[in-house]
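# Could you look at this predicted model? Sequence included:
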Amino acid sequence: MKVLLDTHTLLWAVINPGLLSRRVTSIIDDNSSIILVSAASAWEIATKVRLGKLSRAENLERSFVDNLNDLGYLLLPIDPATALRAGRFAAAHGDPFDRIIAAHALALDIPVISKDTKLDLLGVRRLW
């Protein structure tokens, strides 16, 4: 199964896996799963670490790409098509990070692993 992690799901998987649902843990732990992470998550984590809102994520942020590689996760860059799709969502969901993640998921036709029901406004398939 190919899935895209929402930022909080990535953080929980790395820092506090006990917060993940059994279903999510099963998907992430399945060696046949392809786990994708948006560059928007790097941006969001770096921003929140800088603002002092995510001190527990400093190690993840410091070596973000290496950490993803070690976990076997694949990083999705933000290209112009993704940025445009995110900007064109008509839904009143203002979080730019979520909008990019949703745009990635829709372009790739894959579900987002997220507890955040606000993503539903953007038309993604969400697993939790």
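The structure has been received and is ready for your questions. Numbers count the residues shown, from 1 in each chain.

# ok, how many other residues are close to the closest residue to Gly123 other than its chain neighbours?
Distances taken as C-beta to C-beta, 6 or more residues apart in numbering put Leu106 closest to Gly123, at 6.6 Å, once the chain neighbours are dropped. All C-beta atoms are positioned from the backbone trio N, CA, C, and that covers glycine. Neighbour count of Leu106, defined by other C-beta atoms under 10 Å: 18.

# thinking Leu106 is in contact with Arg85, fair?
Yes: using C-beta atoms under 8 Å, Leu106 is in contact with Arg85, at 6.9 Å.

# quick one: buried residues of stretch 106-123?
Neighbour-count burial for stretch 106-123 flags 106, 110-116, 119, 122 (criterion: 16 or more other C-beta atoms under 10 Å).

# actually stretch 43-56, sorry about that
So for stretch 43-56, counting by 16+ other C-beta under 10 Å, buried means 44-46, 48-49, 54.

# From the opening residue of that stretch to its closing one, how far?
End-to-end distance of stretch 43-56 (C-alpha to C-alpha, to the nearest Å): 16 Å.

# Give me the distance from it to the chain's centre.
Centroid separation between stretch 43-56 and its chain, computed with C-alpha atoms, centre = their mean, to the nearest Å, is 15 Å.
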